[in-house]
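**Q** I need the structure of the sequence given here:
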Amino acid sequence: MEKQKVDEGLKGLSFDMDEEIDDRNERQGRSTISSRHASQSMDPSHAIILAAIIIVGGLWGGKFLYDYIQEQRVKEALNEAASYMQQSLQQAGRESQRAQAESQRRMVIEAEAREQRQIQERTQQRAEQARVKQEERFESAQCQFWWQQHEQNPTERTERKKAEACASQ
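**A** Model prediction:
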């Protein structure tokens, strides 16, 4: 029952917050702010317009920020792709140079081998020609004559004539 009396007593009291705050400030020695300088409440139409401006500005600002972030991502991706392509081109260039150097090296080796074969063939041809000429000289009538003469009568003169007729010239 006592509780009901307290509740009814509290309901009967009215508080004016502005007056209470002013009284407390006066007791603490602070100066009071007159109601003329206090902020006035905003008209609802102005509040709606201000809210709309804030919302539209926030949406546009958010869109601009989103677009900027996307643009930076695209730039980064393009730079990364360009870097990758540049590295690929450099690597392809190095591989091309290596392949070209290898090809030139092979060509030099083949040219040297071809030259060596030609030298060997010429040497063999000359040796064969010299052998054929020597056989022709040995088979010549003059060489056969002086050979027989030297075998039958070995003298210094027959040996010299045999050498002249049968020797390679």
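
**Q** Show the secondary-structure elements that the helix ranked longest in the chain is packed against.
**A** Longest helix of the chain, by residue count under DSSP state H: helix 44-139. Here helix 44-139 touches helix 156-166, going by 3 or more Cβ pairs under 8 Å, 6 or more residues apart in numbering; DSSP states H and E. Quick note: C-beta positions are derived from backbone N, CA and C, even for glycine.

**Q** Now do the contacts for the residue sitting furthest away from the middle of the chain.
**A** The outermost residue of the chain relative to its centre, with distances by Cα atoms, centre = their mean, is residue 153 at 91.9 Å. For residue 153, the contact set (Cβ atoms under 8 Å, 6 or more residues apart in numbering) is empty.

**Q** so where is this structure shaky, pLDDT-wise?
**A** 1, 9-16, 31-39, 168-169 (pLDDT under 70).

**Q** ok, 50 please
**A** 36, 169 (pLDDT under 50).

**Q** Tell me which residue is most central in the protein.
**A** Centre-nearest of the chain using Cα atoms, centre = their mean is residue 87, 1.1 Å out.

**Q** what's the distance between that one and residue 80?
**A** 11 Å (Cβ to Cβ, to the nearest Å).

**Q** so residue 140 sits right up against residue 164, yeah?
**A** No. Here residue 140 does not reach residue 164: they are 11.6 Å apart, not a contact under Cβ atoms under 8 Å.

**Q** How far away from the center of its chain is the longest helix of the chain?
**A** Relative to its parent chain, helix 44-139 has a centroid offset of 9 Å by Cα atoms, centre = their mean, to the nearest Å.

**Q** ok, now stretch 22-29?
**A** For stretch 22-29 - counting by Cα atoms, centre = their mean - the centre lies 76 Å from the chain centre.

**Q** With stretch 138-150 instead?
**A** 83 Å.

**Q** how about that stretch as PDB, C-alpha atoms only?
**A** The C-alpha trace of stretch 138-150 is given here as PDB (Å, rounded to 0.1, in the frame of the first residue of the first chain):
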ATOM      1  CA  PHE A 138     105.700 -48.100-113.900                       C
ATOM      2  CA  GLU A 139     103.800 -49.500-116.800                       C
ATOM      3  CA  SER A 140     105.300 -47.200-119.300                       C
ATOM      4  CA  ALA A 141     107.700 -48.700-121.800                       C
ATOM      5  CA  GLN A 142     110.600 -46.500-120.900                       C
ATOM      6  CA  CYS A 143     110.300 -47.400-117.100                       C
ATOM      7  CA  GLN A 144     110.000 -51.100-117.900                       C
ATOM      8  CA  PHE A 145     113.000 -50.900-120.200                       C
ATOM      9  CA  TRP A 146     115.300 -49.100-117.700                       C
ATOM     10  CA  TRP A 147     114.000 -51.400-114.900                       C
ATOM     11  CA  GLN A 148     115.000 -54.500-116.800                       C
ATOM     12  CA  GLN A 149     118.400 -52.900-117.800                       C
ATOM     13  CA  HIS A 150     119.100 -52.100-114.200                       C
END
